[in-house]
Each structure stands twice: as structure tokens, then as C-alpha cells.
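Novice: let's see this in three dimensions:
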Amino acid sequence: MKAEYINPFLAATQDVFKQMLGMDIEKRKIELREDFVDGQDANVLIGVIGALQGSVVYCFPKSTALAIVKSMAGMEFAEIDTLVASALGEIGNIISGNALSRLAQANYHCDIAPPQIILGGNKSISMASSKYLFIPITCQAGDMAISVMLREKA
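Specialist: Modelled structure (predicted):
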């Protein structure tokens, strides 16, 4: 997996968090992982098709998910309900769309599938590829992670 696939997702995440939530993000050490993505309490799965194919998974612990949606909606939430899940799906959708716009500037023209929300802690998410890049992120709302599995279309 090439860094040029990852950097647009980091830049888009920073932009979306700054503009929508008024928060900066800090990337921690990126890891190459194999097998399943370790899911959190709320996970947003975005499929990518086109010049690049694969998936991106945004994983949020409950406390981070609730803090992000509180910042968006200005309302306190106690549980990850349908409104919280929908808001997280929209954040994943916006970040992914912005990242793919950046990738298009590098001649990787892609589209995204509608977000799928996977709720419940201790989920393992199986992807089409056994290897992916795990990008842990921290922000004022807490910790989260982005797992990116993209490859060039054969």
C-alpha cells in the first residue's frame, strides 16, 4: 500500500474535524496489520471502487463517538443510537469523499459506496485484503482509528 493513498485520508480527516468540529487531530504511529480489523463500539465501513479498490473503516470507542456527535449536534447523548450512528456515518462519508477528491487530483478516480455502520464492541471486521494500514488518531473528543485497505485495480 502506498503512502499516497493514505495521506489524502489524513488530510481530509484533519480538514473535516477542524471545519465541522473545531478540533485538530494528531496521528500516532501507523502500523501495517494483517487479518481482521479490530472494531470498536461504532464502526463506519466505506467501500471504494474505481482506480483504487478496497475499504476504509473508521472505528470509534463509545466515548469518542458520543463526544464527536455532541460537538456536531450540540446535544448530549448517552448511548450510540440511530441518530449517533447516522452522524458518524455522515462524518465517514464526508471524510472519504474529500479524500477521494484529493486522490482524483493524483489521477486515482474512485467512487464510494454508502456507509455501513457496525455497532457493538469487540467486533472483528473481515476485509477483502488480509493487510491494511492502521492509523490511530487522537483528538479533543478522544481516540479513534482509520483502517485503510486500498489497492490499484488490476
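Novice: next one: the lengthiest helix in the chain to chain centre, how far?
Specialist: The longest helix of the chain (DSSP state H) is helix 82-105. Taking the mean of its C-alpha atoms, helix 82-105 sits 8 Å from the chain's own mean (Cα atoms, centre = their mean, to the nearest Å).
Novice: identify the residues contacting the helix or strand following it?
Specialist: Sequence-wise, the next helix or strand downstream of helix 82-105 (DSSP states H and E) is strand 110-112. Contact with strand 110-112 is made by 46-52, 93, 96-97, 100, 103-104, as judged by Cβ atoms under 8 Å, 6 or more residues apart in numbering. In this view, the C-beta of every residue, glycine as well, is placed from N, C-alpha and C.
Novice: can I have the buried ones of those residues as a PyMOL selection?
Specialist: With 16 or more other Cβ atoms under 10 Å as the criterion, this PyMOL line picks the buried residues out of these:
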select buried, resi 46+47+48+51+52+93+96+100+103
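Novice: select, from the contacts of strand 110-112, the two members most distant in space.
Specialist: The distance between the two most remote of the contacts of strand 110-112 (Cβ to Cβ) is 19.5 Å, for Ala51 and Asn93.
Novice: residues touching the one helix or strand in the chain whose mean pLDDT sits lowest, excluding its own?
Specialist: Here the helix or strand of the chain ranked lowest by mean pLDDT, DSSP states H and E is strand 124-125, holding a mean of 78. Applying Cβ under 8 Å, 6+ apart, the contact partners of strand 124-125 are Phe36, Val37, Asp38, Gly39, Asn43, Leu45, Val57, Ile118.
Novice: determine the longest strand present in this structure.
Specialist: strand 142-152 (DSSP state E).
Novice: average pLDDT for it, rounded please.
Specialist: The average pLDDT within strand 142-152 is 93.
Novice: so what pLDDT did the residue most central in space within the chain get?
Specialist: What sits nearest the mean C-alpha location of the chain, by Cα atoms, centre = their mean, is Tyr58, with 2.9 Å. Listed pLDDT for Tyr58 reads 97.
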